[in-house]
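Undergrad: can't give you the sequence, but here's the structure:
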């Protein structure tokens, strides 16, 4: 007796929510701030380095960095977190106006 064949059901691709281009940029980590500061120097020292190789070099430098250097970037990270928090407090995402209007209309009933 032949085996029953199973038919595969095609999954529909998940749609990604579109990001608002006016939304504030997220805060950078201490490592990313370090990498941004040192990327030009590393590229100058290694002109033929690929993007991945540069990441490995920067990662190794971060790992070997002294605690004082890391603390400098951690302090910068905290400042960037505060910047992001303030920006998000002042930011209104598109579509929030409709939700706020509904909430205000619902408050009238009480």
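TA: Sure thing, it's come through. Bear in mind that the values here come from a model prediction, so they are computed numbers and not experimental data.

Undergrad: What is the neighbour count of residue 62?
TA: By other Cβ atoms under 10 Å, 17 other residues sit near residue 62. Quick note: C-beta positions are derived from backbone N, CA and C, even for glycine.

Undergrad: Let me see the contact set for the most centrally placed residue in the chain.
TA: Residue closest to the mean C-alpha point of the chain, counted by Cα atoms, centre = their mean, is residue 26 at 5.6 Å. Residue 26 makes contact with residue 84, according to Cβ atoms under 8 Å, 6 or more residues apart in numbering.

Undergrad: Could you check the longest helix anywhere in the chain and say which residues are buried?
TA: Ranked by number of residues, the top helix in the chain under DSSP state H is helix 67-90. By 16 or more other Cβ atoms under 10 Å, the buried positions in helix 67-90 come out as 72-73, 76-77, 80, 84.

Undergrad: Show me which of those is closest to residue 16.
TA: residue 84 (21.9 Å; Cβ to Cβ).

Undergrad: Show the pLDDT at residue 21.
TA: For residue 21, the pLDDT comes out at 85.

Undergrad: which residues in this protein form helices?
TA: Going by DSSP H, the chain shows helices at 30-45, 51-64, 67-90, 96-107.

Undergrad: mind giving me TSV with these and columns for distance to residue 17 and mean pLDDT?
TA: Listed next are the helices of the chain as TSV, based on distance: least, Cβ to Cβ, whole Å; pLDDT from 0 to 100:
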stretch	distance to residue 17	mean pLDDT
helix 30-45	24	96
helix 51-64	27	96
helix 67-90	17	96
helix 96-107	15	52
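
Undergrad: Which one of those lies nearest to residue 6?
TA: Comparing the helices of the chain by Cβ to Cβ, helix 51-64 comes nearest, at 40.5 Å.

Undergrad: Contacts made by that closest one with the rest, please.
TA: 31, 34-35, 38-39, 42-43, 46, 49, 70.

Undergrad: That'll do, ta.
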